[in-house]
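K.L.:
What shape does this take:
(chains A and B)
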2 protein chains.
Amino acid sequence: MSKFTKIDQVFNLIKQQIDQKKLTEGTRLSSVRLMAKQLGFSVSTIVEAYARLQAENLIESRTGSGYFVVKQNAQTFMPELDQVFIYDREVDPLWISRQSLENQIGVLKPGCGWLPSDWLPEQSIRKSLKQIAKLEHLVLTDYATPQGHKALRQLIAKRKESFEIYVNSTNVLLVDSATQAIDLIFRQSLSAGDVIIIDDPCYFNFQALIKAHKLQTIAIPFTENGPDIDKFEQALHYKPKFYLTNSAIHNPTGATLSLHTAFKIAQLCEQNEITIIEDDIFADFEEHAAPRYAALSGIENVIQIGSFSKTISSSFRIGYIITNQSNIDQLIDLKIATNFTNNQLNSEIVFHVLMDPTYLKHLDWMKKRLNFLRNDTIKKLESLSIIPWTIPKSGLFLWCKLPDHIDASALSKQCIKEGIILAPGNAFSQSKTAHQFMRFNVAQCQDKKVWDVLTQAIEQLKAK
Amino acid sequence: MSKFTKIDQVFNLIKQQIDQKKLTEGTRLSSVRLMAKQLGFSVSTIVEAYARLQAENLIESRTGSGYFVVKQNAQTFMPELDQVFIYDREVDPLWISRQSLENQIGVLKPGCGWLPSDWLPEQSIRKSLKQIAKLEHLVLTDYATPQGHKALRQLIAKRKESFEIYVNSTNVLLVDSATQAIDLIFRQSLSAGDVIIIDDPCYFNFQALIKAHKLQTIAIPFTENGPDIDKFEQALHYKPKFYLTNSAIHNPTGATLSLHTAFKIAQLCEQNEITIIEDDIFADFEEHAAPRYAALSGIENVIQIGSFSKTISSSFRIGYIITNQSNIDQLIDLKIATNFTNNQLNSEIVFHVLMDPTYLKHLDWMKKRLNFLRNDTIKKLESLSIIPWTIPKSGLFLWCKLPDHIDASALSKQCIKEGIILAPGNAFSQSKTAHQFMRFNVAQCQDKKVWDVLTQAIEQLKAK
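P.N.:
Residues are numbered from 1 along each chain as shown, chains lettered A, B, ... in the order given. As a prediction, this is how the structure comes out:
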């Protein structure tokens, strides 16, 4: 950026004069040569500065007669910095997302669903960007094929082998996010009023997505080993078409699916022609691979989805869908109609990062750090009588029961006033039975302020 | 990339031995030190190569006992290169998209809707990527705010001033593409069976999108000055909720909206509470700004959308919606539910390119080249008795009538066999009355093969 210093100086000088109305609408600027002479800069500096002023619509070029100041709106081009909390929004499935995403600066987020950005493999991303800047222009400027970056699709397919899922690149469709993946699958196969099964609790955005599609849901209580099998069997009465779940590390509970439960559920789904949508977004945090429905029941019965936002970056969006080719073909038509095509550049970055030898080391480091912080956070929570419902083997989350008489929504509303965003249980619970539960992200609980505010807020609520 | 040569050599050597089953499942590799000695490379080279083999799941590390070859699936990690045409698909609104997007290599696309990738500002993109690689980690790894990159939103708002549209960044929502912009607006406001007005002909993907939403459409014949006003008035009987159109340079006709027609249509829409969705995607190709509905009728009545895929790059996807703040807030909820958040990195790249002093010059160059090629293409088409319906003032497209008895779909199917993808009229026409019309993209008609194949195909069809 420092290359532009002289151009910046000229640009800022003229912009300031326009902002302060010293140069008013219609005023002709000095010619490039004269301005260069007046300011003691080179002609090319002035040319570039004028071009930039033009790019910001501050001046315009009139052929043959030079550069003129254009009419200025009251508003000038200054980045806004103020951040506003949405205090008055009721806790709903979108509450955590919007609070966590909108409030980026000076706010602590023990409730959010992602890692602090300085945990992510930024050096590898920087290296990838520099490498990609040198690639042929097609990568930088052309549309992706509708199915998306071939080599990345192949790599995704290859990486599934360690979960005993054997697919190839033709079974992989790249999309923009795991959320979009589910959205496309719903749009392809479901109509308003159709019934689907989800977990209770489950990732809150599943509920927001289901609401957007006007679906009917049956929420099955989630146990430490997976969904409650008896309740799942009872739900079959309502002819559900899909079962949407998080495999591996369950969100929000951190529980792991047992092989027995996976077998039972996969069998029930096969027998009743229910397609399982298996969101595998936390796969790379696992220490030991839990069973995957897609491995047990195959991609004719299970659609697997995922993304790289948790372990690489959430700044550029790439997700994927793994399913049979006939589904893929229909999903491509729908994707073109509703989003046109893929992000070629983002696919290229993800591919570079995954191929970077340092990525696996980075994952190892993240997992070790999460293990340490999980134990540390459990201790701190227990000192406040906040007790984990289960001790997860891996991942970011702890699903915890609050002390008696403390309501999670009330506690969250109290804490957000102090700049602490929590994740109250009922945002995850279709049955709204989790008002005493809270999801904590162990990677986002490091700041002492989290504990100070939490302690104080609990005291205040107890006193009421 | 050349930095990795030694690592590449080691990687390839071992990969080859695994592929050829010289190293079989469970085989222990030589230790890093021994391998370094055997091959005459440094220890760090071997470490990196092993890490990369691990990243590709070819070998695994077992703590304390070294590196072992993992079980290999029949399929190995090799990029596929074969390209397959979809000859047998009938011409429908998705025909052009899928043919043009799927067939990337060795195919000519006089029918596609975008510029050849070597026209786009690749140097500016390369420069931006390098600059961004140096920015703070939040840009590279963190989620965007739900509304998207503030400075880019401000710049988009600022750039609208030259069209007499005065908005600020709070009126701008960033999304992933212009297509997604329309999709979100439809989802927010319409239900299956609702009526909307489109142009006949119109951008084919509007029809695909409308079909995905199960809407009813009234297609109004498009004249050289905009939609047919009388027919538009008659359509009001059906209580349409939206009018979806391309402003400025109309796709596919290249026609320009006249001020009178714009006024009449805006008035009819205001009186009948019809929201206009104005797709402004070709704005940067205009020589002189045509009237915008958003300028006439304001953002309470007109939602403007756009993207940068035509003039910056289609490899990274950024679109926008301009509307009032209450709409923006509802659209954000829907966007989080269905796509989670924005592409922070892509926004940053677009912002850098737009701020780059060379961008305006690049646009000028593109416009001059388009003007030259438009005239050139018109002459070549006329020599084949293919006559433009109107002579556009700017932009990529020529909407042309074919010689008598030549059917555009038949001609397109004939030409795709020779690797030439055309854009047959009925793909754009809801009433299917454009079977004698064809859209040509003047920037994609430079190759002599286009003309040879076209000439021959017309001869053959005439002979039938």
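K.L.:
Tell me who's in contact with residue A:372.
P.N.:
Listed by Cβ atoms under 8 Å, 6 or more residues apart in numbering or on different chains, residue A:372 has no contact partners. From N, CA and C alone the C-beta is placed, and that goes for glycine too.
K.L.:
in stretch A:221-234, what's buried?
P.N.:
Going by neighbour count (16 or more other Cβ atoms under 10 Å in any protein chain shown), the buried part of stretch A:221-234 is A:222, A:223, A:224, A:225, A:226, A:227, A:228, A:229, A:231, A:232.
K.L.:
swap that for stretch A:375-387, sorry
P.N.:
Residues of stretch A:375-387 classed as buried: A:377, A:378, A:380, A:381, A:384, A:386 (neighbour count, 16+ other Cβ under 10 Å).
K.L.:
picking that back up, pick the one among the buried residues of stretch A:221-234 closest to residue A:422.
P.N.:
residue A:222 (20.4 Å; Cβ to Cβ).
K.L.:
pretty sure the closest one belongs to a strand, no?
P.N.:
Yes. Under DSSP: H, G, I helix; E, B strand; the rest coil, residue A:222 sits within a strand.
K.L.:
For it, which non-adjacent residue is closest in space?
P.N.:
Leaving aside its chain neighbours, residue A:222 sits nearest to residue A:199 (4.4 Å; criterion: Cβ to Cβ, 6 or more residues apart in numbering or on different chains).
K.L.:
Starting from the longest helix along chain A, tell me the next helix or strand along the chain.
P.N.:
Using DSSP state H to define each element, chain A has its longest helix at helix A:358-383. Next helix or strand after helix A:358-383 toward the C-terminus (DSSP states H and E): strand A:387-388.
K.L.:
Direction included, what does that following strand pair up with?
P.N.:
Strand pairing for strand A:387-388, using DSSP bridges, gives strand A:397-401 (antiparallel).
K.L.:
And the strand it pairs with, how far out from the chain middle?
P.N.:
Chain-centre distance of strand A:397-401: 20 Å, with Cα atoms, centre = their mean, to the nearest Å.
K.L.:
Could you export that strand as PDB, CA atoms only?
P.N.:
Included here for strand A:397-401 are C-alpha records, laid out as PDB according to Å, rounded to 0.1, in the frame of the first residue of the first chain:
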ATOM      1  CA  PHE A 397     -18.400 -26.800  22.500                       C
ATOM      2  CA  LEU A 398     -19.600 -27.400  26.000                       C
ATOM      3  CA  TRP A 399     -23.300 -27.800  26.500                       C
ATOM      4  CA  CYS A 400     -23.900 -26.900  30.100                       C
ATOM      5  CA  LYS A 401     -26.600 -26.800  32.700                       C
END
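K.L.:
From the rest of the structure, what touches that strand?
P.N.:
For strand A:397-401, contacts defined as Cβ under 8 Å, 6+ apart pick out A:201, A:249, A:251-255, A:374, A:377-378, A:381, A:386-390, A:392, A:425, A:436-442.
K.L.:
redo that, cut-off 7 Å
P.N.:
Outside strand A:397-401, the residues within contact range by Cβ atoms under 7 Å, 6 or more residues apart in numbering or on different chains are A:251-254, A:374, A:377-378, A:381, A:386-389, A:392, A:436-442.
K.L.:
So what's the residue count around the residue in the stretch 351-464 of chain A positioned nearest to chain B?
P.N.:
Taking Cβ to the nearest Cβ, chain B has its nearest neighbour within the stretch 351-464 of chain A at residue A:357, 3.5 Å off. By other Cβ atoms under 10 Å in any protein chain shown, 19 other residues sit near residue A:357.
K.L.:
tell me the SS of the closest residue to it other than its chain neighbours?
P.N.:
Nearest residue to residue A:357 in three dimensions, chain neighbours excluded: residue B:51, at 3.5 Å (Cβ to Cβ, 6+ apart). Following three-state DSSP, the label given to residue B:51 is helix.
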